[in-house]
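Colleague: what shape does this take:
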Amino acid sequence: MVLEKENTSYFVDENSIVRQIWGSSDTILLIFAGAAAEFALNKAVDWLYFTGKLPADPLKRLFSTVSYARQIVFASYSDALLAIDKIASIHKGVENQRGQNIPDWAYRDVLYLLIDYSIRAYELLERKLDMAEKEEVFDVFYRLGTRMRLKDLPNNYEQWLVQRNSALATNLQYGDFTKDLYLQYRKHLGALRFFILKQAQRLLVPQKVNELLGFGKNPLAVVILGSYKMSRLVGLQQLLKNALLPVAYKEEIKALDAFAYRTSSKRTVIQTPL
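Modeller: Numbers count the residues shown, from 1 in each chain. Predicted coordinates:
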């Protein structure tokens, strides 16, 4: 289904740093990599296995999460609310199927990782964000969480940081689902792409996630990142992405950079599931 509305205002200000972060396929792919690592460790990951969609095609399932967030960032205010309500409706349907409620902390954890990896991805590729910019990132996802009626959300970035560190300490574990998910990542990506994914995750994820996944440090990860940054300077990054990304997702990922341009026009298009 395609919903079209005239823009009167955007959910995220046109000059916001959040649009810069989510308007680049490079940063979005790093956010994807971070989410892939942390989803695998979350104690509520069994909810993602309940429908069977995650183990069947983990890349598609994770990409859909990131894709929804990206659409909301560039949507008009009214369209963003529709998209957020759709997300809430989808999750409520899964809860009804299982006859249980997804824990409140699990909802918050997903929101928190989107905040965290938005900042980490941009800082890894571009530059350090100042406190006002970090507050902007927090504010966007705080409003998303408020619309979803999530409970006990922090009121500012500093409070979020405290809750984020607490959640990392208590809500993650390496278990059978973690092991299986990483086997699925390798199966769907292939050996080389899986290796690249892990190097990106090694540089990106918080220390607790690194420890649980047994990543440690690898100087090669820094070399790979530096090489990619250099490729951007000489305009070869698209060739590298085409070579490294799964064929099934090349067009979707290529379209990420164009998405920000398309939605800067007078009409916003939001894709929602039928």
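Colleague: mind listing what the residue lying closest to residue 204 once chain neighbours are set aside touches?
Modeller: Closest residue in space to residue 204, ignoring its immediate chain neighbours: residue 34 at 5.0 Å, by CB to CB, 6 or more residues apart in numbering. (Each C-beta comes from the backbone N, C-alpha and C, glycine too.) By CB atoms under 8 Å, 6 or more residues apart in numbering, the residues touching residue 34 are 113, 116, 117, 120, 121, 201, 204, 205.
Colleague: using JSON lines, lay out those together with pLDDT and distance to residue 140.
Modeller: Listed next are the contacts of residue 34 as JSON lines, based on pLDDT from 0 to 100; distance: CB to CB, whole Å:
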{"residue": "113", "pLDDT": "94", "distance to residue 140": "14"}
{"residue": "116", "pLDDT": "98", "distance to residue 140": "13"}
{"residue": "117", "pLDDT": "97", "distance to residue 140": "13"}
{"residue": "120", "pLDDT": "97", "distance to residue 140": "16"}
{"residue": "121", "pLDDT": "95", "distance to residue 140": "15"}
{"residue": "201", "pLDDT": "95", "distance to residue 140": "24"}
{"residue": "204", "pLDDT": "95", "distance to residue 140": "20"}
{"residue": "205", "pLDDT": "97", "distance to residue 140": "21"}
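Colleague: just the buried ones from these, in PyMOL syntax?
Modeller: Buried residues within these, by 16 or more other CB atoms under 10 Å, are selected in PyMOL with:
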select buried, resi 113+116+117+120+121+201+204+205
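Colleague: which member of the contacts of residue 34 is positioned nearest residue 162?
Modeller: Checking the contacts of residue 34 against residue 162 with CB to CB, the nearest one is residue 116 at 12.9 Å.
Colleague: next, count neighbours for the residue nearest to that closest one when sequence neighbours are not counted.
Modeller: Nearest non-adjacent residue to residue 116, counting by CB to CB, 6+ apart: residue 164, 6.1 Å away. For residue 164, the tally of surrounding residues (other CB atoms under 10 Å) stands at 20.
Colleague: quick check: residue 164 vs residue 34, distance?
Modeller: Distance of residue 164 to residue 34, given as CB to CB, to the nearest Å: 13 Å.
Colleague: in the stretch 151-274 of the chain, where is pLDDT below threshold?
Modeller: 234-274 (pLDDT under 70).
Colleague: next, show the common contact partners of residue 164 and residue 34.
Modeller: Common neighbours of residue 164 and residue 34, using CB under 8 Å, 6+ apart, are residue 116.
Colleague: whichever strand or helix holds residue 181: what's the following helix or strand?
Modeller: Per DSSP states H and E, residue 181 falls inside helix 176-189. Using DSSP H and E, the helix or strand that follows helix 176-189 in sequence is helix 191-204.
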